[in-house]
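# Any chance you could fold what I've pasted below:
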Amino acid sequence: MNKKLHLTLVSYLIITFLFLLLGGFLLTRKDSSFEQVVINYNEANNPIDYKVYLKKNNFFETDYLGKGITYISSLIDYIDVDFNYKINFDESLTGSYKYKVKASILANKVNDDGKYWSKDYNLEEKENVFSDSTYVSANQHIKLDYQQYNDLLSSFKKEYGLAIDGVLHVEMIIDLDAYIDDDSVVVCNNNCNHLKKSNVLKMDIPLTQSSVDISINTNESSTSSGKIVYDKKVSESFSYIILRCLGIISLLFALITIINMIKYIVRKRKMISDYHKEINKILSTYDSIIVNSDNINNLSKYNVIKVNSFEELLDAHSEVRMPINYVELRDNYSIFVLINNDVAWVYQVIGDEYEEE
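As a prediction, the model looks like this:
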């Protein structure tokens with residue numbers, strides 16, 4: 001590769017690299033103003049409601065009894081349970097939540113933390129998404145066939161003759177993932193702008209206590225409140241905007257430089273190719289009258305006549321009948337010389353990349 005071409009390409013590469021470096025630096029600078037935002041949330045009270053429906057009897061005039069009283073287990077037909085979970089936010093959030101309701105028959109040891117046997121039932125499972133909402137609610141109605149669960153545990157108790165503390169444990173498990181859907185929120189570690197929490201609404205219904213008063217216990221007091229704290233971008237300084245504009249301009253200059261470099265390479269290769277085409281054409285066509293030489297004597301002692309075309313050199317050759325000398329002096333610069341006595345006819349072939357030294 002010619003020295004000039006080599007230096008030009010190096011210059012293009014250096015300029016392109018500097019523009020890319022400058023543009024990347026300016027565009028990745030962070031120079032914004034932030035403020036701390038606090039979003040409070042709280043979960044609603046009384047999330048569980050239920051009705052105890054009775055078998056036909058001669059004592060109660062109503063079909064069901066409300067919550068919060070004692071019940072005669074032998075009169076219970078089924079229990080309608082409504083789980084009502086709700087959480088409120090100060091500002092609109094986006095996200096998703098899922099919940100499932102399951103029941104477990106527990107054959108617990110009397111006066112002991114251990115248990116003999118248990119069986120689980122998946123009653124319901126759902127998943128939902130929400131957008132720009134100030135609250136999330138999950139409501140699920142469950143019908144519990146009390147006698148089915150009670151009879152199953154009574155059979156277990158009778159078959160093995162065990163003294164057990166039987167319980168039907170019912171719970172609704174809610175998993176929530178809410179976040180601030182705002183481009184101005186600063187992305188931080190551990191999802192600081194996310195609210196990820198779980199809650200469990202549960203109730204315990206005694207089993208295998210025939211003709212004995214029972215109480216249904218719920219965890220309605222297990223509500224909570226809290227807050228999400230995050231940084232929000234509120235403004236960008238004028239100087240920051242200027243720097244971003246300069247960064248974009250730098251990248252555009254880098255792109256222009258790359259395009260020009262490609263055009264330069266294509267153009268110069270074509271020009272160099274034209275030089276070699278002419279040399280090869282002359283050498284192959286007039287091989288019988290051309291002599292390749294590594295060097296030539298100092299032409300200053302001759303009367304040098306520079307001709308403008310190889311055809312003119314051929315005309316001179318027709319007169320003097322002397323061989324034509326071909327010398328490649330340096331890259332992209334060759335001469336054809338015809339010498340007779342004190343006269344030297346010279347035809348120069350100069351490539352575009354040739355530079356006098």
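# Confidence-wise, which helix or strand of this structure is lowest on average?
Here the helix or strand of the chain ranked lowest by mean pLDDT, DSSP states H and E is strand 213-215, holding a mean of 63.
# What's the first helix or strand after that strand?
strand 217-218 (DSSP states H and E).
# That next one packs against which elements?
strand 194-207 (3 or more C-beta pairs under 8 Å, 6 or more residues apart in numbering; DSSP states H and E). All C-beta spots, glycine's among them, are computed from the backbone N, C-alpha and C.
# Which positions in the strand it packs on come out as buried?
194-195, 197, 199, 201-207 (16 or more other C-beta atoms under 10 Å).
# I'd like a version of these in JSON lines, one that adds distance to Phe336 and pLDDT as further columns.
Formatted as JSON lines, the buried residues of strand 194-207 follow (distance: C-beta to C-beta, whole Å; pLDDT from 0 to 100):
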{"residue": "His194", "distance to Phe336": "81", "pLDDT": "78"}
{"residue": "Leu195", "distance to Phe336": "86", "pLDDT": "83"}
{"residue": "Lys197", "distance to Phe336": "90", "pLDDT": "86"}
{"residue": "Asn199", "distance to Phe336": "96", "pLDDT": "86"}
{"residue": "Leu201", "distance to Phe336": "101", "pLDDT": "88"}
{"residue": "Lys202", "distance to Phe336": "104", "pLDDT": "87"}
{"residue": "Met203", "distance to Phe336": "108", "pLDDT": "88"}
{"residue": "Asp204", "distance to Phe336": "110", "pLDDT": "89"}
{"residue": "Ile205", "distance to Phe336": "113", "pLDDT": "91"}
{"residue": "Pro206", "distance to Phe336": "117", "pLDDT": "90"}
{"residue": "Leu207", "distance to Phe336": "115", "pLDDT": "91"}
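# Name the SS class of Gln209, please.
coil (DSSP: H, G, I helix; E, B strand; the rest coil).
# That one and Tyr264, how far apart?
Gln209 sits 95 Å away from Tyr264, taking C-beta to C-beta, to the nearest Å as the criterion.
# Counting by contacts, list what the helix ranked longest in the chain packs against.
The longest helix of the chain (DSSP state H) is helix 238-285. Judged by 3+ C-beta pairs under 8 Å, 6+ apart, the packing partners of helix 238-285 are helix 3-27, strand 343-350.
# so of the ones you listed, which one's packed in deepest?
Highest mean neighbour count of these: strand 343-350, a mean of 18 (counted as mean count of other C-beta atoms under 10 Å).
# tell me what it is packed against?
helix 238-285, strand 303-307, helix 310-320, strand 333-340.
# I'd like the average pLDDT over stretch 225-241.
For stretch 225-241, mean pLDDT rounds to 70.
# Which residue ranges of the stretch 101-250 of the chain form helices?
Applying DSSP state H, counting those that start in this stretch to the stretch 101-250 of the chain gives helices spanning 146-160, 238-285.
# Can you tell me which of the ones you listed is most buried?
Of the helices of the stretch 101-250 of the chain, the one with the most neighbours on average (mean count of other C-beta under 10 Å) is helix 146-160, at a mean of 16.
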